[in-house]
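>>> Sequence unavailable; structure follows:
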């Protein structure tokens, strides 16, 4: 067995993922000051936790990956109605040992949860960071979520997965009422980051 081959607990594979994520976080310079400060906290968390920081069973707090899926003109965003949370939110979930990167994890989750396979990543680097605690209905205590962005082909029709009660497109300026606190600001931050990245 090579040194890079994943063991039963996936530690070598997650270690490689952690190194790649740290490299991306150090390379990325968010346009918003609060995101830059949060990026430093993320780097510290992953440096201290190593592979366990990315593992679902690595502790009560760990990194997750999500994907904001937009129409090509970014006027609509694809959201899923989270079964446990009962709110509309972007697609995403836990990082698996089969994923080559956090960005790949985010795309995989988006394809699985949204049912749209033809997605085009907008950047290999993150566009959003969001630390949030979870309620008693979740097995995790908090998620260090890393957001990425992608577009779907015009007219793409989503399909509901086992992990959500519904999946639907919403105008970015007319989100549903039952979204997590601060989600509207988070989405606005993602769009601002994408606009800033496009202008570079």
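Looks like it arrived, so ask away. Values in this document were obtained by computation on a predicted structure and should not be read as measured data. Residues are numbered from 1 along each chain as shown.

>>> Centre of the chain to the lowest-mean-pLDDT helix or strand in the chain, how far?
Within the chain, no helix or strand scores below helix 11-27, which has a mean of 81 by mean pLDDT, DSSP states H and E. Computed by Cα atoms, centre = their mean, to the nearest Å, the chain-centroid distance of helix 11-27 equals 15 Å.

>>> same deal with stretch 91-103?
From the chain centre to the centre of stretch 91-103 is a distance of 9 Å (Cα atoms, centre = their mean).

>>> got it, and stretch 174-186?
16 Å.

>>> go on, stretch 142-150?
3 Å.

>>> so where do the strands sit in this structure?
61-70, 76-82, 88-89, 91-94, 119-121, 128-133, 142-152, 164-171 (DSSP state E).

>>> between these, which one is nearest to residue 22?
strand 61-70 (10.8 Å; Cβ to Cβ). For the C-beta atoms, the positions are set from N, CA and C on the backbone; glycine is no exception.

>>> Who does the closest one pair with, and is each partner parallel or antiparallel?
Applying DSSP bridges, strand 61-70 is found paired with strand 76-82 (antiparallel), strand 91-94 (antiparallel), strand 142-152 (parallel).

>>> Tabulate these (a markdown table), appending mean pLDDT.
What follows is these, written out as a markdown table (pLDDT from 0 to 100):
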| stretch | mean pLDDT |
| --- | --- |
| strand 76-82 | 94 |
| strand 91-94 | 91 |
| strand 142-152 | 93 |
